[in-house]
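Asks: Here is my input; please provide its structure:
(chains A and B)
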2 protein chains.
Amino acid sequence: MTFSEKSDLIVSQNNSLVSVGLDSDPDKIPPHLKNLEYPVFEFNKAIIEATHDQVCAYKPNTAFYEKLGTIGITQLKMTCDHLKEIYPEILVILDAKRADIGNTNDGYASFAFDYLGADAITLQPYLGQEALKPFLDREDKGCIILCRTSNPGAGEIQDLKVTNAKKNEGNNCLTVPLYQVIAEKIANDWNKNNNCMVVVGATYPEELKTVRDIVGDMTILVPGIGAQGGDLEATLKAGLNSRKAGLIINSSRGVIFASSGTDFADKARDEAVKLNTAINRFRGKGETR
Amino acid sequence: MTFSEKSDLIVSQNNSLVSVGLDSDPDKIPPHLKNLEYPVFEFNKAIIEATHDQVCAYKPNTAFYEKLGTIGITQLKMTCDHLKEIYPEILVILDAKRADIGNTNDGYASFAFDYLGADAITLQPYLGQEALKPFLDREDKGCIILCRTSNPGAGEIQDLKVTNAKKNEGNNCLTVPLYQVIAEKIANDWNKNNNCMVVVGATYPEELKTVRDIVGDMTILVPGIGAQGGDLEATLKAGLNSRKAGLIINSSRGVIFASSGTDFADKARDEAVKLNTAINRFRGKGETR
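Replies: Here you go, the predicted structure:
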C-alpha cells in the first residue's frame, strides 16, 4: 500500500482528519504516572486507548523523547511498536524536522522508517530536493515538508521575497514569498512518488489558503490548533481541498494535557471528540464515530 | 567560560582548526570491532585517543547514532561522556541540524546541552530567530546555523534570489541569494550572545568567501573536506579570517574510515596530522604538535 492510500483509508475509516500530537513532555505528564518504569509510554498508551477511534494519525515529536536521552528513545520505540501492533491502520507521523546531506539522511530515514516503523516524517526544505532523496524515494512513506510553520517568528525567513525568474521581464521586480516557492517546488517537482505533504500552521490561515491554491488536493499537515491558538474554522475554510479533505489537523497539548489528574485520558478523549466533531460538522460529514 | 572563549582556547592550545566528524556509521566500522558490546563507542574511543592532540573539535552526527535506535543513543552518550571526562577542553559539536518551534526546541536544547553535554549544536535557519531562542539564549553554548551546505543540490533553495528591501528603489530588482541573507541576519541580529557560528561547505569556496565578508571574524564550520571533495587550499584562501583563524574544518569519512583494518586508528591519526599540518602550513603557524 502506498502512503497516500494508507492515509486516505484511515481518514475514511475513522471519519477523521485529527492528529493527536504525542508531545509527551516527561515534565508535564500526570504526577501519578511518574513512578512507573516507563511513564511516558504508559501515558501514551492511555492516550491512544482513549482516542484511537477519533484520529487518523498520531504525531510524536522527537524533541520530547530525546530530552530524556536513551530512556526517551526507548519509550518512543515502545509507543511506535504498540501502535503498529494494536492499530496498524493509524498513521504514525514522526515529527522530527530532519534534513542533512544525502549520505547522512540515509541514517535518519533508517531511524524513522525502519527502526521506529513510522509512516511519515517531517522534513526541513533548506538543503533541497537532492539531499532529501533518501526520504523522497520511499514510496511507501510520507515526506511532510515544512512550508509555513506555526511559530510567531515564522515569517522572518519564510516570508522573504524571492524573485520569480519565470515571470520577471526587464527591470520589473515580481516576487513570491519563500514559503510559496517551497510549496511550488514540492507540488511540481519533489512529489514524483506522490508521497509528499506540506506543513502550514493553523496560526496563518491566509497563508494556508495560498498554499492550498498552489498544491492542489495535496494533504497539508496543520499544527497550531489548541495551545498555540490557531482558529479551527478559519483553518478549515482556508485549507480543505476539493474533496472536503486533504488536511491533517494536529492538536498536541490541547488534547494530551487537558487534565493532569487521573482522568487525563478521559479528558483527552473529550477534547479529541470535540475537535473531530467540530471538523466533521464543518465538512458536512455528520457525526463522528 | 563562554563558548567563544572555550573555542579560542582549544584552537590555540592544540594549534588546530581541525574537527573530526564522528560519523561512525555502524555499517562501516572495522569488522573486528563488530562483536564488542559497544562497537561504535569503542571505535570512537580509539579514534579520539589517536587524534585528540590534532583537533579542536569532535563532531558526532546524530543520524549515524539514531540509525541504531536506543543502543546508538547510548553509545553517543558514552562518547560524549568520555570526551568530557578525558579531554574536557575539546569542543563537542553535536551535528543534529535541528529546529522546531520554541516550546519544542527546549527539548532539543536539553538533549544536546544537558543530557549529552555538547558544547555546540548545528541548527536549521528556516523557522527564524524567535524559534531558536532556547539555543541562542545559552551563552555558554554554540549555535552553528546552516548557511550554505556542502551537498550538490544546496543551491536549489539556498541560492534563491531574495529582494533586498533596503536597497531597492522604484522598480529596480536588486537581489541577494538566500544564504547571504541568512548570514547577514546571523551576524547582525541573531548573535547577541556572541555564540553563533555559520556552516558553509568546503565544496563552495566562492560562497565561503562571500560569507566571510558578511560575517567578519565569526567562526565558520566547514564540512565537505575529504570524501565530499572540498578543496582545502581554496577553502583556507576563501575562509580564514583576519587573524588567520575563524574556521573549523571538518573531515569525517576521510579520517575515521581511512582504513577498515586493525590499523584504523593509526591511519586516522595519519590523516588528521596530514590535514592539520596542511592547514597550519597555509596559516603560517609552523609545525603541528
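Asks: Name the residues of the stretch 151-289 of chain A found near chain B, please.
Replies: Within reach of chain B by CB under 8 Å from any CB of the partner chain, the stretch 151-289 of chain A has these residues: A:151-158, A:160-163, A:165, A:168, A:171-173, A:175, A:178, A:181-182, A:185, A:228. Heads up, the C-betas are built off the backbone N, CA and C, glycines and all.
Asks: List the ones among the residues you listed that fall in strands.
Replies: Residues of these located in strands (DSSP state E): A:161-163, A:175.
Asks: of those residues, closest to B:F43?
Replies: Comparing these against B:F43 with CB to CB places A:V162 closest, at 43.7 Å.
Asks: Before we move on, what's the pLDDT of that closest one?
Replies: Listed pLDDT for A:V162 reads 96.
Asks: who's in contact with it?
Replies: If a contact means CB atoms under 8 Å, 6 or more residues apart in numbering or on different chains, then A:V162 has A:175-178, A:181, B:160-163, B:178 as its contacts.
Asks: Relative to A:T175, how far out is it?
Replies: The spacing between A:V162 and A:T175, counted by CB to CB, to the nearest Å, is 6 Å.
Asks: which residues of the stretch 101-250 of chain A score low on pLDDT?
Replies: Filtered on pLDDT under 70, the stretch 101-250 of chain A yields the residue ranges A:165-172.
Asks: Check what pLDDT the residue lying closest to A:A245 once chain neighbours are set aside gets.
Replies: Leaving out its chain neighbours, the residue that sits closest to A:A245 by CB to CB, 6 or more residues apart in numbering or on different chains is A:V11, at 6.2 Å. We note a pLDDT of 98 for A:V11 in this prediction.
Asks: ditto for the one 4 residues further on
Replies: Per-residue pLDDT puts A:N15 at 97.
Asks: And for it, the neighbour number?
Replies: If you count neighbours by other CB atoms under 10 Å in any protein chain shown, A:N15 ends up with 20.
Asks: ditto for A:H52
Replies: By the other CB under 10 Å criterion, the neighbourhood of A:H52 contains 18 residues.
Asks: in what helix or strand does the residue nearest the centre of chain A lie?
Replies: In chain A, the residue lying closest to the centroid (CA atoms, centre = their mean) is A:L221, at 4.7 Å. Element membership of A:L221 [criterion: DSSP states H and E] is strand A:220-225.
Asks: and that strand, C-alpha only, in PDB?
Replies: Extracted as PDB, the C-alpha positions of strand A:220-225 are listed here (Å, rounded to 0.1, in the frame of the first residue of the first chain):
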ATOM      1  CA  ILE A 220      -1.500  19.600   4.300                       C
ATOM      2  CA  LEU A 221      -0.400  18.900   7.900                       C
ATOM      3  CA  VAL A 222      -1.700  21.700  10.100                       C
ATOM      4  CA  PRO A 223      -0.100  22.100  13.600                       C
ATOM      5  CA  GLY A 224      -1.000  25.000  15.800                       C
ATOM      6  CA  ILE A 225      -4.600  24.200  16.800                       C
END
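Asks: list the helices and strands it packs on?
Replies: When contacts are defined as 3 or more CB pairs under 8 Å, 6 or more residues apart in numbering or on different chains; DSSP states H and E, strand A:220-225 packs onto strand A:196-200, helix A:205-215, helix A:232-239, strand A:247-251.
Asks: if we can go back for a sec, show the contacting residues for the residue nearest to A:A245.
Replies: A:17, A:56, A:245.
Asks: Ok, A:G102 next?
Replies: With CB under 8 Å, 6+ apart, A:G102 has these contacts: A:130-131, A:133-134, B:151.
Asks: Distance-wise, check A:I73 relative to chain B.
Replies: Look at A:I73 and chain B: by CB to the nearest CB, to the nearest Å, they are 5 Å apart.
Asks: What average pLDDT does the host helix or strand of that residue get?
Replies: Secondary structure from DSSP H and E places A:I73 in helix A:70-86. Averaging pLDDT along helix A:70-86 gives 98.
Asks: Next, the buried residues of the helix or strand following that helix.
Replies: On the C-terminal side of helix A:70-86, the nearest following helix or strand under DSSP H and E is strand A:91-98. The neighbour-count check on strand A:91-98 (16 or more other CB atoms under 10 Å in any protein chain shown) flags A:91-98 as buried.
Asks: mind putting those residues in JSON lines, distance to chain B and pLDDT included?
Replies: Output for the buried residues of strand A:91-98, formatted as JSON lines (distance: CB to the nearest CB, whole Å; pLDDT from 0 to 100):
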{"residue": "A:L91", "distance to chain B": "20", "pLDDT": "98"}
{"residue": "A:V92", "distance to chain B": "15", "pLDDT": "98"}
{"residue": "A:I93", "distance to chain B": "14", "pLDDT": "98"}
{"residue": "A:L94", "distance to chain B": "11", "pLDDT": "98"}
{"residue": "A:D95", "distance to chain B": "8", "pLDDT": "98"}
{"residue": "A:A96", "distance to chain B": "9", "pLDDT": "98"}
{"residue": "A:K97", "distance to chain B": "5", "pLDDT": "98"}
{"residue": "A:R98", "distance to chain B": "7", "pLDDT": "98"}
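Asks: any idea how far A:K77 lies from A:E37?
Replies: When CB to CB is the yardstick, A:K77 and A:E37 sit 15 Å from each other.
Asks: Looking at the two, which is more packed in?
Replies: More crowded of A:K77 and A:E37, by other CB under 10 Å: A:K77, with 17 against 8.
Asks: For burial, what's the neighbour tally of the residue in the stretch 1-150 of chain A positioned nearest to chain B?
Replies: Here the stretch 1-150 of chain A gets closest to chain B at one residue, A:E130, 2.6 Å apart by CB to the nearest CB. The number of residues packed near A:E130 is 15, by other CB under 10 Å.
Asks: What residues sit buried inside the helix or strand hosting A:K45?
Replies: Using DSSP H and E, A:K45 sits in helix A:39-51. Buried residues in helix A:39-51, counted by 16+ other CB under 10 Å: A:39-48, A:50-51.
Asks: Would you mark the buried spots in the helix holding A:I73?
Replies: A:70-80, A:83.
Asks: from the stretch 151-289 of chain A, which residue is nearest to chain B?
Replies: Counting by CB to the nearest CB, the stretch 151-289 of chain A gets nearest chain B through A:G153, at 2.7 Å.
Asks: and that residue, what does it touch?
Replies: Contacts of A:G153 by CB under 8 Å, 6+ apart are B:127-131.
Asks: ok so, going back, contacts for the strand holding A:L221, please.
Replies: Residues from elsewhere that reach strand A:220-225 (CB under 8 Å, 6+ apart): A:19, A:21, A:93, A:122, A:144, A:149-150, A:197-203, A:208, A:211-212, A:230, A:232, A:235, A:239, A:246-252, A:254, A:275.
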